[in-house]
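Q: what follows is a protein structure lacking sequence information:
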Ligand SMILES: Cc1cc2nc3c(=O)[nH]c(=O)nc-3n(C[C@H](O)[C@H](O)[C@H](O)COP(=O)(O)OP(=O)(O)OC[C@H]3O[C@@H](n4cnc5c(N)ncnc54)[C@H](O)[C@@H]3O)c2cc1C
Ligand SMILES: NC(=O)c1ccc[n+]([C@@H]2O[C@H](COP(=O)([O-])OP(=O)(O)OC[C@H]3O[C@@H](n4cnc5c(N)ncnc54)[C@H](O)[C@@H]3O)[C@@H](O)[C@H]2O)c1
């Protein structure tokens, strides 16, 4: 039998790879792991963590303004990005260190290097030849530019964390998670923000009512939306940029952010040398066990382009390590995964949209729209909350829960447990609310707003 250097080698030290490698090591496997750029990957270094700190910074500005209505005299005299950046970067560095120590503490051999395939069991790790019985590819994704003339003049999301000052005028292209979160952050930090997107509503794939409510909330905070427009070219004009949009006016800006999507980070990995195939969109092709087309190689996290969220990446990495080395074969479920978009106000959602559920059969829809108590006092415009339940008419099971409104990300975690557990509307109804909160609305929606979906042909 061939003696390999490692039982498992993990390529990529992000959310997926770190969890998989660490748990495999705790199960007794000899694990090697390589990271070419930053331990903790996208989430810790240029994603969830530094982004959320910037979201918090924008919120403090609003609270400072709103505090007057509650009797406080707070002088909001300005925002210093260098103070926030120093605090944010220190937190990122702290977490970064924790990730490195976690791996070493679990007994992994850690390589600060790029790894590429030589064959299905052999890797080049920073110029060193390393062999492994099993290999897990967890290289994540990277942001892409839209391919229009001059797009090299714009920023990608990584660049946001290097900004030295808040741009006076920022144009954001796209209307996915990243575009919307940063549009709201920079508006909250005082920038004039233009948002250019191709659809009629932002946040494709989310529930229609939430998308409509979000569009209104963006308007109310002064984000100028140019919907139904495609970016055509970007030019430098003296000390600023000029974005031309197809069939629309040009937009002048001090900075432009392209948030037009991310692609799997497989370039130059030499996957073909290992027999690992990719889908047409460039994601590594995997089966339900996350095994690739090479029998000893698995792929996890964003590189598989399934559900590109940190908790999904860690759950899949953990399940794979348990399966391969823990005598506990299991899979992480991609169903009913709660998620939040940290806009202002934020969105929390779990399960099916009304439109998706209605395709399967008749549904009862409950919608509540109200001004949260805080803002009946602050009078801040555009802070209405929208809450929605989508319920299977036949079984009364809650198929989806959606919210736009303050604290929705925190609220939706608990609702996610109920939806994943398959609880019914009656289970929600007999739960006593916590008063006075916005969350209690989810257990007090008694009157059906409408019916949707088609009745089965047999009826
Ligand atoms: C701006 C932004 C905000 C986000 N906010 C959220 C959020 O709020 N909540 C949420 O759940 N998700 C969020 N995400 C998504 C989340 O960051 C990803 O889903 C998650 O990081 C995926 O983890 P991963 O391990 O698959 O990939 P990554 O975290 O990208 O890790 C892959 C690692 O592999 C390394 N690597 C690549 N190639 C090689 C190689 N050949 N050799 C060695 N190392 C290599 C990379 O340097 C990287 O560190 C956000 C993403 C972005 C960009
Ligand atoms: N809060 C969170 O959990 C969070 C935050 C950020 C990112 N993420 C994850 O990262 C993923 C990537 O986020 P994202 O916002 O980059 O991607 P996305 O796929 O969600 O959005 C991309 C946007 O760019 C638009 N677009 C694409 N090509 C374009 C072009 N040529 N011209 C104009 N517009 C174009 C799309 O229509 C869409 O609006 C998300 O899907 C999500 O899984 C999660």
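A: It's in. Bear in mind that the values here come from a model prediction, so they are computed numbers and not experimental data. Ligands and ions are numbered 1, 2, ... in the order given.
Q: quick one: average pLDDT of the longest helix seen in the chain?
A: Secondary structure of the chain per DSSP state H: the longest helix is helix 81-105. Confidence for helix 81-105, expressed as mean pLDDT, is 94.
Q: tell me if that helix is near ligand 1.
A: No - if you take Cβ under 6 Å from any ligand atom as the test, helix 81-105 misses ligand 1, and the best it gets is 9.8 Å. All C-beta atoms are positioned from the backbone trio N, CA, C, and that covers glycine.
Q: helices or strands up against that helix?
A: If you count contacts as 3 or more Cβ pairs under 8 Å, 6 or more residues apart in numbering; DSSP states H and E, helix 81-105 packs onto helix 15-26, helix 41-46, helix 48-66, strand 109-111.
Q: which residues does the second one contact?
A: Think helix 41-46. Applying Cβ atoms under 8 Å, 6 or more residues apart in numbering, the external contacts of helix 41-46 come out as 12-18, 35, 37-38, 47, 49, 92, 95-96, 99, 140-141, 157-158, 161, 302, 310, 313.
Q: same thing but at 7 Å, please
A: The contact list for helix 41-46 (Cβ atoms under 7 Å, 6 or more residues apart in numbering) reads 12-15, 38, 49, 92, 95-96, 99, 140, 157-158, 161, 310.
Q: do it and ligand 2 meet?
A: No - Helix 41-46 is not in contact with ligand 2 by Cβ under 6 Å from any ligand atom; minimum separation 8.4 Å.
Q: do that helix and ligand 1 meet?
A: Yes - contact between helix 41-46 and ligand 1, assessed by Cβ under 6 Å from any ligand atom, occurs at 41-43.
Q: returning to what we had before: of the contacts of helix 41-46, grab the buried ones for PyMOL.
A: In PyMOL, this line selects whichever of the contacts of helix 41-46 come out buried by 16 or more other Cβ atoms under 10 Å:
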select buried, resi 12+13+14+15+38+49+92+95+96+99+140+157+161+310
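Q: next, the residue in the stretch 251-400 of the chain positioned nearest to ligand 1: phi, psi?
A: With Cβ to the nearest ligand atom, the shortest gap between the stretch 251-400 of the chain and ligand 1 falls at residue 301, namely 2.1 Å. Backbone torsions of residue 301, given as degrees, to the nearest 10, read phi 80, psi -160.
Q: can you tell me which residues contact it?
A: Per Cβ under 7 Å, 6+ apart, neighbours of residue 301: 14-16, 138, 140, 313, 316-317.
Q: what sits up against the longest helix of the chain?
A: Here helix 81-105 has contacts from 13, 18, 21-22, 33, 38-40, 44-45, 49-50, 53-54, 57, 110, 163-166, using Cβ under 7 Å, 6+ apart.
Q: hmm, try it at 6 Å
A: With contacts defined as Cβ atoms under 6 Å, 6 or more residues apart in numbering, helix 81-105 is touched by 18, 22, 39-40, 44-45, 50, 53, 57, 110, 165-166.
Q: quick one: residue 400 is in a strand?
A: Yes - the assignment for residue 400 by DSSP: H, G, I helix; E, B strand; the rest coil puts it in a strand.
Q: which stretch among the helices and strands packed on helix 81-105 comes nearest residue 261?
A: Ranking those by proximity to residue 261 (Cβ to Cβ) places helix 41-46 first, at 13.9 Å.
Q: which of the contacts of helix 81-105 has the most neighbours?
A: residue 18 (29 neighbours; other Cβ atoms under 10 Å).
Q: can you list the weak-confidence ranges in the protein?
A: 1-2, 455-459 (pLDDT under 70).
Q: double-check that residue 376 belongs to a strand.
A: No - in this structure, residue 376 is helix, not part of a strand, as judged by three-state DSSP.
Q: give the contact list for residue 217.
A: Going by Cβ under 6 Å, 6+ apart, the list of residues near residue 217 reads residue 382.
Q: and the one 3 residues further on, by the same measure?
A: With contact taken as Cβ under 6 Å, 6+ apart, residue 220 is in contact with 381-382.
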